[in-house]
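S.K.: next one to model:
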Amino acid sequence: MNSQFTKIVRILLGLILIAFGANKLYPFIPLPQPSPEAADFMESLANTGYVLTIVAVFEIIIGLLLLLKIWVPFVLLLLIPLSLNILMFHLFLDVPSIGTAILVVVMNGILLYKHRQKYRPLFT
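M.R.: Numbers count the residues shown, from 1 in each chain. Modelled structure (predicted):
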């Protein structure tokens, strides 16, 4: 579990989550123009006044916990619904920008697999 590869994947995933979470709060990364459907969806989430903020804070907290190597197996479980929703958003509404979503899901999957022994008691 402590291989260099696992460490690199964990740190890279943490940095991605922190960067994109912070970008939701204070835009500093120029993102490509989304499709009209994706823009409408994101606008409706922004209009709630809280959803995007909660998602951004959640991403930042998960990213920080991954970087600091705190509760990693638990944090990876918390990341499953978030990463799958990111993937589904891009799959159904914004396919041209799906690269990072696939990267997040794959890295989460790799880390889940590397920590699979920690999850064994959940399934006995």
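S.K.: model confidence for the nearest residue to Ser3 once chain neighbours are set aside, exactly?
M.R.: In this structure, Ser3 finds its nearest non-sequential neighbour in Lys114, 7.9 Å apart by Cβ to Cβ, 6 or more residues apart in numbering. C-beta: built from backbone N, CA, C; applies to glycine. pLDDT, Lys114: 96.
S.K.: okay but Lys114 is in contact with Thr6, surely?
M.R.: Yes. Using Cβ atoms under 8 Å, Lys114 is in contact with Thr6, at 5.0 Å.
S.K.: those two: who's more crowded?
M.R.: Lys114 (19 against 16; other Cβ atoms under 10 Å).
S.K.: those strands in this structure, which residues are they?
M.R.: Shown for the chain, no strands are assigned by DSSP state E.
S.K.: center of it, which residue is that?
M.R.: Centroid check for the chain by Cα atoms, centre = their mean gives Ser83 as the closest residue, at 4.7 Å.
S.K.: which residues does it contact?
M.R.: Contact analysis of Ser83 by Cβ atoms under 8 Å, 6 or more residues apart in numbering lists 101, 104-105, 108.
S.K.: shouldn't Lys118 be in contact with Val75?
M.R.: No. Between Lys118 and Val75 there is no contact under Cβ under 8 Å: 11.5 Å.
S.K.: between these two, which one's more packed in?
M.R.: Using other Cβ under 10 Å, the more surrounded residue of Lys118 and Val75 is Val75, with 23 against 15.
S.K.: off-centre distance for stretch 50-66?
M.R.: 9 Å (Cα atoms, centre = their mean, to the nearest Å).
S.K.: then it to PDB, C-alphas only?
M.R.: Extracted C-alpha coordinates of stretch 50-66, given in PDB (Å, rounded to 0.1, in the frame of the first residue of the first chain):
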ATOM      1  CA  TYR A  50     -25.200  26.200  -1.500                       C
ATOM      2  CA  VAL A  51     -24.700  23.000  -3.700                       C
ATOM      3  CA  LEU A  52     -21.600  24.000  -5.500                       C
ATOM      4  CA  THR A  53     -20.100  25.400  -2.300                       C
ATOM      5  CA  ILE A  54     -20.700  22.200  -0.400                       C
ATOM      6  CA  VAL A  55     -19.300  20.100  -3.300                       C
ATOM      7  CA  ALA A  56     -16.200  22.400  -3.500                       C
ATOM      8  CA  VAL A  57     -15.600  22.200   0.300                       C
ATOM      9  CA  PHE A  58     -16.100  18.400   0.200                       C
ATOM     10  CA  GLU A  59     -13.500  18.100  -2.700                       C
ATOM     11  CA  ILE A  60     -11.000  20.300  -0.900                       C
ATOM     12  CA  ILE A  61     -11.400  18.400   2.400                       C
ATOM     13  CA  ILE A  62     -11.000  15.000   0.600                       C
ATOM     14  CA  GLY A  63      -8.000  16.400  -1.300                       C
ATOM     15  CA  LEU A  64      -6.300  17.600   1.900                       C
ATOM     16  CA  LEU A  65      -6.900  14.300   3.700                       C
ATOM     17  CA  LEU A  66      -5.400  12.400   0.800                       C
END
